[in-house]
Structures are given as structure tokens and as C-alpha cells.
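Q: I'd like to go over a predicted model; first the sequence, then the structure.
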Number of protein chains: 2
Amino acid sequence: MARRVKTPPQPKSDLDARKATILEAVVVEHIDTAQPVGSSSVAQNADLVVSPATVRTEMVALEREGYLAQPHTSAGRVPTDKGYRYFVDHLEAGVLGPAQQRQIKEFFAHVRGEVEDVLEQTSILLSHLTSYTSVVVGSGHSHATVLSVQLVNLDARHHLLVTVFSDGTVTKHSVLASFEANHVDVTEASRQLNALLIGTTLEAKVQVPSRGDTIAKLVREAVSVLHAEMPTMEGEQVYIGGSSKVADVFEGVETVRKVLGILEQELLVVSLVEDILDKGVTVAIGSEHGFEPLSSCAVIVAPVSLDGETIGAVGLLGPTRMKYQEVMAAAEAVSRHLTTHFGGENERG
Amino acid sequence: MARRVKTPPQPKSDLDARKATILEAVVVEHIDTAQPVGSSSVAQNADLVVSPATVRTEMVALEREGYLAQPHTSAGRVPTDKGYRYFVDHLEAGVLGPAQQRQIKEFFAHVRGEVEDVLEQTSILLSHLTSYTSVVVGSGHSHATVLSVQLVNLDARHHLLVTVFSDGTVTKHSVLASFEANHVDVTEASRQLNALLIGTTLEAKVQVPSRGDTIAKLVREAVSVLHAEMPTMEGEQVYIGGSSKVADVFEGVETVRKVLGILEQELLVVSLVEDILDKGVTVAIGSEHGFEPLSSCAVIVAPVSLDGETIGAVGLLGPTRMKYQEVMAAAEAVSRHLTTHFGGENERG
DNA sequence: GTTAGCACTCGGTAAAATCGAGTGCTAACA
DNA sequence: TGTTAGCACTCGATTTTACCGAGTGCTAAC
């Protein structure tokens, strides 16, 4: 029974040393074996010099306090979400294996291509590193300013509006005009659009010409297309790596199906990751993220930042009995490398 | 029953009417139930007025000829790949259910956005329509000509090369220069690049300026980046819809894992689809596509064309016992709608 | 507070029994 | 000659039973 006289802030999540050791042993073994853990195997733990009987007594207490659960009488104990939470909160930072470190170094030394490509490949790297499904999220560019706009005409009425933003993203939008316009008009409209939009963010309202000529109409059309697409164009990018790992790592076809179904809805995944990030947490276990369909999952996230601002995140999705230490270390390392990779880009060269 | 008197090329895959009926009945029932099919249930088939004993005799023959197989003695028969092949070859075109037709109409009436978005959404549509995993492939733009090139400078040494092609695709490439360039240089380089590249295809060699000034260097750098990226930039797009269906539709975690793993390798999927397409086939059953890991799958493809040229394809992936008629009808309908959707775009407006 | 001892529980596994769908064969039949 | 009813037989799937043993909770002694 834990004393908690002097720690009113923490509700009660304080366990005495022995309970903590036992809980940890149960978690570790269960993560390893996926089986309920019995008192005797815990008692064999080196850090513990008590008999199984004592362990049992403690386990009863841990169960009463909600850290452990018993699938059925006469089975060993299994950690609850709360048990995992305690475990994770008291986990000292893990250190990556040399092989993995090398793999990461290697990757970032050789990776090349546009941001999008790097993020996509990173998601694959992460899933290889950890054997779990990874999620890499690149934030939208709502704060980015327009560097260049260009209207390219495909034919008399079809034009393509290509916009380059300060964060290096490029968007394209079809502009379908109800009137014909020739190359000269389009070029001029392009020029005016540049004058109008360069340096602005997408949120900014701009003063469009109200004239009735072809060029002004083109400009208005283009601006409206750009603004109309704005909400959807927050441009969140999601890259999911190793979805096949879902089948390895979860048991039960039903669970696999459910998780895959969720991963398909990328918007959902983004908001999940961002929710967790917003809470300032790095691990969400079971029902902690409040997303019922994934209540048998744990999600580990690490932010990727640039100039102190969060520009994305990497995440890993696994069962609640996932290898937290390893995976957290990997997520942390990769997010750090990503941060310096993008941060360094502006300095180098 | 199809008569095909005038087609000697077919080696022997000719079955008399009764065998064909029996084979068909077996296939239909096995697709429906996933169970081996016995002689008695076949004999109940309306088109057949024979006893189970007769059916059995015929089944023995069909097995000897390779159309059916027996999982074990005293079990019913299961179609082989060859059996499915016969079935598919003699399948009259199916007609889509009204609900599905409406769904497709609805979709194409309201879908909007760039080609990429349409293709992605189409892949989702297809997987909803069919309950199988769908693959939508958009071909590369190797024949497309350059409509516009623009070099945008991010900072002194970082530039972004944005290229617009005649097929409406837009690419971006980072250009990292070893020297500094100001805005004016970049603008001028951009102008020269346009002069140089507009109207050319990526395959075409262009005459780059050999001068040593900043602008010429920028131009050379940009052109080389563009050409260097060419091979990878064939720009095949792949959209996979409903990967979660894999878990529904295949039995056995191992199979699910394998198929998911393959779907992750998008290049593989593209080449698979294109291989099948090249053979001029619309259905590849089991080992027919020669891709061993998917030997328990059937793939249905339908080309999407524009101006008589194939610009992409839609595909559906399922177990060999998939609902061929329905799915082929859906694939065909969607590919047709896609074709007119893109084809019509140039006219409308 | 700890622990040895012990009766008890109950899921998992294996062996045994059973079931029945489906077969192949044969002999009779049209 | 092709078809069919009859029948013995096969063999996977399902159910039943038995059993084992890991693990528990409790109690009494240390």
C-alpha cells in the first residue's frame, strides 16, 4: 500500500520501490512474451529477493490499484494501460543499438531529394528501425508566404496556377475560365498575380482588381481558386511506413482490419498525432488519446521542429505492449536528425 | 454457352457444354462460400439435370484436365487457376448494380480537383465499390513537353526549379548552387531556361550556354538537375485504395502480411499492373502474372486512355476466388468514366 | 512482514470419439 | 454407352473427455 501523504498533486501514482520493481518486471516480461506473467517468474528477477508468495501479495495490491489485471483466475497478471503508463513515466531514456544508430546516420547522410521525398523515406526508415508502423506528418504551410505565383495556360480556357511558398512547397491549381484568354493575357495576369501575392500568406486578404477586362478576370479567378482551396490546402502531408507491420504486430484479424482501416483515413491519423503532440506528450497508451478504435494501441510521437517551431512529427503505432524504450529512442533520434537535416539545409552550401 | 468454332488458336481449353456448366457451378459456389464444392450441390444446379454421380464422373475428368483440384480425398472440388481462367474467359460481361452505377455517376459528377486528387479519390471509390483493394496508376509524362520552367530563389544558394508540363503535371527540384546568386540573376536564368526548354521533352538534349557567368552556371545547374532526375521522375503515380480490405478478403495472417508488404512497394505494384496491361489482358489469375508472392491473388486491370493513348490504369487485387463479374464491370465502368472525365476536360469549359 | 505449504481453479492441449459430407466403385438400367 | 442408385469407405472437422500444470489465494508458521 503506497503512502502518499506528502504528494497531493500526484493522485496516487506512487509505488514503493518493491511494487515498482514488480510492476516493471511484469511489464517487461509481458512485452517480451505477450503472455500473462506469473509471480514466480517475477520473483526470479535479480533485483528482487522475495518469494513468489510475497510477489503475489504485492500483485494483488497492484491489481487493486489498477496497474495490473488478471485475464482470469489462476492466470498470471497483465499490465493495464495505467500500468504501462507508470512504466513509461519511470523509464530512463533508452539508447539505440549501434546497428540502428548506423542505419540512421547512413540514411541521413545519403538521403536526398525534396522534403516530401525525405519525409516519405523517413517513414520507411522508421518502420524498418522499429518493426512498427510509422507515421510521419509534415505540417501545413499556413504561415508560409508566397514566393512566386505563375499562371500557365494549357489552352484557351484552361490554366494552371502554380504557387511557390517560402517553405519550399509548391502547389498547383487548375483554373478553368469561362472566357478565352491568350498567352499574352495569361502572362500579364501572371505578372499581376505576382505583384499582388508575393510576400503574403494565404490567410491575407488581397485587393483584387475590379476591372472587367480579361486580365483582371483571370487574376480574380486565380486568387479565388487559391483562397477557395486554402482550407483543404493546409497541406498536411502524411506518410505511413510499414503498414504491413500491422499484421505482424497485432493479433487477431479483426484488430488488424480495424487499425488498417484507420491508417487509411489519413486525416484521422494526422489529427491523432497532433492531438497527442498538443498535449505535450510523447506516448499515448491505450485509451489515453481518447480515440476508441485505437484503444488497443500505443502511439509514440516526437516533434520535428525548425527555428523553434514545430513543423511536423514522427510517430509510431503499435500494440500497448510495444517496446517503448527502443521505439522512443528511435523516434527521438530520427526526429532529432530530421530537425537538424532541415535546419542545416538553410546554412549549408 | 459460347460457341467458338472459328478460334483454332486455343490449344484445348474446350469443354463440352456439361463440363462447362459443372465447372462454372463449382467456381460460382466456391467464390461464394470459400468451401470445396461437392457433387450434390452442383447437381442441384438448375441448368443441370443429372445426378450427383454423373457430376462426380465429370468432375474426375475436369480434375484430370486440370480445371479442378481436390484439397484431400473425400472433400469437394476447388477450382484451379486454370479453372478460374476458363470461367473468366467464358464470362459474359456483367452489369453493374443500380446502386453502384449511381455511386459512380455521383462520384464523377462531383469530383473536382487536380488529376492527382481525382485519381486518389478514384482508388477509394473503387475499393468501396468492390470491397477489394484497388490500385490506380497514372502513367509518367515522358512524352509531355515543357510548358514553363521557373527558377525561384529561396536564398542566395538555394533555388527551386518548378517545371510545368503539357500534361498538367508540375515538378519541383531543389537546385543547390555552389555560388551565390541574386534575385536578378535568378530571374534572368529563369527566362533563359524557359527559352531553352519550352516545347522540349525531357528526353531531348538541349544546348546549354557554356559561358562562365553566374546566370549561365545557374542555367546549366538547373538543366542538369532536371535531367538527372529524369529517370526517377517518370512520375508514375500510384494510389492504393482500401488496403484494409486485404485483411477482410484474404485468409491467414501470413497472406495478409505478404500482400500488404507488396502493396507497400509501389514500384512493384506499378510494374505488375503495367505488365498485365502490356499483355493486353484484363485479368491475371494466380501465377499468370508470374509474380510468385502474389500467386494466391487475382488482379483485374482496365486501362485509362486519352486520345487513344494509355495514360493510366485502374486495378483491383483480390484472392483468386474474387467476384470477377462484378469487379470487372466496376473496373470497366470506372476506367471508362475516368477516360471521359479526363478526355472531356479539354473540350468542356 | 515474509514465506512455505497446500488446496483449488481453470485455460490449454492432447487423445478419443463421433459425425457427416463427399468420394469412388459397382452393378443395374434405359 | 451413358446414366444412376446404392453402398462402403475416407478423412477432415467438431465435439467430448481427460488431464496437466501454471498460477492463484489462503493459512499457519517463522
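A: Yep, that arrived. Keep in mind the model is a prediction, meaning the values are calculated, not measured. Numbering: from 1, shown residues only, chains lettered A, B, ... in the order given.

Q: which residues does the closest residue to A:Q70 other than its chain neighbours bridge with?
A: Spatial nearest neighbour of A:Q70, chain neighbours left out: A:R77 (5.7 Å); criterion: C-beta to C-beta, 6 or more residues apart in numbering or on different chains. Every C-beta, even on glycine, is put in place using the N, C-alpha and C of the backbone. In this entry, A:R77 is beta-bridged to A:V37, by DSSP bridges.

Q: I'd like the distance between A:R77 and A:K279.
A: Distance, A:R77 to A:K279, using C-beta to C-beta, to the nearest Å: 29 Å.

Q: Those two: who's more crowded?
A: A:R77 (26 against 13; other C-beta atoms under 10 Å in any protein chain shown).

Q: Now the helix or strand A:E58 falls within: buried residues?
A: Using DSSP states H and E, A:E58 falls within helix A:52-64. Neighbour-count burial for helix A:52-64, counted by 16 or more other C-beta atoms under 10 Å in any protein chain shown, picks out A:V55, A:R56, A:E58, A:M59, A:A61, A:L62, A:E63.

Q: Give me the distance between the second one and A:D14.
A: As judged by C-beta to C-beta, A:R56 and A:D14 stand 22 Å apart.

Q: Assign A:I311 to helix, strand or coil.
A: strand (DSSP: H, G, I helix; E, B strand; the rest coil).

Q: Is it in contact with A:S305, as I believe?
A: Yes - using C-beta atoms under 8 Å, A:I311 is in contact with A:S305, at 6.2 Å.

Q: Quick one: residues contacting the nearest residue to A:V111 once chain neighbours are set aside.
A: Distances taken as C-beta to C-beta, 6+ apart place A:V118 nearest to A:V111, at 5.5 Å, with adjacent residues excluded. Going by C-beta atoms under 8 Å, 6 or more residues apart in numbering or on different chains, A:V118 touches A:V111, A:R112, A:L338, A:H341.

Q: how about the helices in the stretch 101-250 of chain A?
A: Remark: helices of the stretch 101-250 of chain A, listed N- to C-terminal, are A:115-130, A:183-197, A:214-228, A:245-249; assignment by DSSP state H, counting those that start in this stretch.

Q: so of those, which one's packed in deepest?
A: helix A:245-249 (a mean of 23; mean count of other C-beta atoms under 10 Å in any protein chain shown).

Q: Quick one: check that one for contact with chain B.
A: Yes - Helix A:245-249 reaches chain B (C-beta under 8 Å from any C-beta of the partner chain) through A:V246, A:A247, A:D248.

Q: so can I have JSON lines of those residues showing pLDDT?
A: Compiled in JSON lines, the residues of helix A:245-249 next to chain B are given as follows (pLDDT from 0 to 100):
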{"residue": "A:V246", "pLDDT": "97"}
{"residue": "A:A247", "pLDDT": "95"}
{"residue": "A:D248", "pLDDT": "94"}
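
Q: A:T201: what's it in contact with?
A: A:S142, A:H143, A:A144, A:T145, A:V146.

Q: Can you select the buried ones from those residues in ChimeraX?
A: Of the contacts of A:T201, the buried ones go into a single ChimeraX selection, burial set by 16+ other C-beta under 10 Å:
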select /A:144,146
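
Q: Pick out the lowest-pLDDT one from the contacts of A:V118.
A: Among those, A:R112 carries the lowest pLDDT, at 85.

Q: so what's that residue up against?
A: A:V118.

Q: and A:H183, what is it in contact with?
A: Per C-beta under 8 Å, 6+ apart, neighbours of A:H183: A:N153.

Q: likewise A:L160?
A: Counting by C-beta under 8 Å, 6+ apart, A:L160 has contacts A:L151, A:V152, A:N153, A:L154, A:K172, A:H173, A:S174, A:V175, B:L147, B:V164, B:G168, B:V170.

Q: at 6 Å instead, please
A: A:L160 is in contact with A:V152, A:K172, B:V164, counting by C-beta atoms under 6 Å, 6 or more residues apart in numbering or on different chains.
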